[in-house]
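[1] Attaching a predicted model along with its sequence, questions to come.
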Amino acid sequence: MNQIIRCKNCDAIIMKTPFDQYPEYELSPEGSFEDFRMIEKDDFQDFLILHHGHQLENLKIIEDSFVSERAYSEPVKTSFFKATNGKDKFVVKKFREKIDEPLKYQLISGDYSLQCTTIEIQEKEISKQLINEVKPPLSQTQIAAFLKLYRHVAEDIDPKALERVSEESPHPLEIYYKMDDLRLMYLLRNCRNIFKGPQYSAMEEFIYRHKDNGVLLLKATYKIQFTEIAKPEKKRVSVASLMGKEKMVGK
């Protein structure tokens with residue numbers, strides 16, 4: 001089980017994992033692929049030795065706090081998440097600069113939030129599903145009219161007023177939302193101006209079928225907004241003041 005540990009004395013941090021004791025292998029000096037040299041490792045034990053005598057504490061990752069400007073599948077990237085010791089919150093930077101490097105963790109001063117930049121409909125996916133599912137078939141003019149109507153419905157929506165869904169996204173800055181009941185009714189009502197008879201009935205079924213977990217979900221794109229927070233300086237006691245105190249005690 002993964003465990004985040006912070007050194008309270010110097011703010012160093014480590015992610016303790018089951019892989020900490022996995023050995024590394026490298027080629028022999030001769031370069032033979034059949035002759036590997038095993039290097040024993042214990043990252044957590046090295047951390048304990050380095051911070052011997054320091055105060056350590058466990059941190060718990062705050063759920064849904066992970067952010068990154070690159071896709072989940074990217075092996076080389078910088079990500080951020082939040083953690084807490086039950087009292088204070090910390091921002092953790094997780095990164096590596098080369099694919100063959102181990103992940104590094106670092107506490108940073110400041111905080112971050114997500115700012116929505118765009119909300120859009122899934123046009124290509126909607127068009128494909130309409131062609132495959134709706135019978136009697138729709139004309140390209142009707143599909144274009146529906147997309148135009150749905151874009152209008154999605155304009156100027158505040159994502160805070162929408163319900164987030166657990167739709168899988170390949171990117172941490174893309175979040176999917178359900179359209180609210182008021183806009184759903186507006187969409188259905190205006191569909192009557194585009195579709196008639198059996199086509200309208202088919203479109204009504206299509207909308208209810210895909211509104212919660214399908215192509216009619218609204219996709220919001222976010223950017224990471226950082227706020228710098230000055231780190232409080234630790235009080236330093238000068239040698240001169242300590243000598244002055246010793247003289248006072250000696251009198």
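    Noted; the coordinates are in hand.
[2] for this structure, what spans make up the helices?
    43-50, 123-133, 140-154, 181-191, 197-210, 239-250 (DSSP state H).
[3] Need the residues that contact the second one.
    The contact list for helix 123-133, computed with C-beta atoms under 8 Å, 6 or more residues apart in numbering, reads 137-138, 143, 146-147, 150, 206, 210, 214-216. For the C-beta atoms, the positions are set from N, CA and C on the backbone; glycine is no exception.
[4] Same question for that helix: list its buried residues.
    Across helix 123-133, burial judged by 16 or more other C-beta atoms under 10 Å covers 126-127, 129-130.
[5] just the first one next, same as before
    Of the residues in helix 43-50, those scored as buried under the neighbour-count criterion (16+ other C-beta under 10 Å) are 43-44, 47.
[6] Equivalent analysis for the longest one, please.
    Using 16+ other C-beta under 10 Å as the test for burial, helix 140-154 gives 142-143, 145-147, 149-150, 153-154.
[7] so how far is stretch 160-175 off the chain centroid?
    10 Å (C-alpha atoms, centre = their mean, to the nearest Å).
[8] Kindly check the end-to-end length of it for me.
    12 Å (C-alpha to C-alpha, to the nearest Å).
[9] list the buried ones in it?
    By neighbour count on 16+ other C-beta under 10 Å, the buried set for stretch 160-175 is 162, 172-173, 175.
[10] about what we covered before: with distance to residue 116 as extra columns, can I get the contacts of helix 123-133 in JSON lines?
    Compiled in JSON lines, those are given as follows (distance: C-beta to C-beta, whole Å):
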{"residue": "137", "distance to residue 116": "36"}
{"residue": "138", "distance to residue 116": "31"}
{"residue": "143", "distance to residue 116": "27"}
{"residue": "146", "distance to residue 116": "25"}
{"residue": "147", "distance to residue 116": "21"}
{"residue": "150", "distance to residue 116": "19"}
{"residue": "206", "distance to residue 116": "27"}
{"residue": "210", "distance to residue 116": "22"}
{"residue": "214", "distance to residue 116": "22"}
{"residue": "215", "distance to residue 116": "20"}
{"residue": "216", "distance to residue 116": "19"}
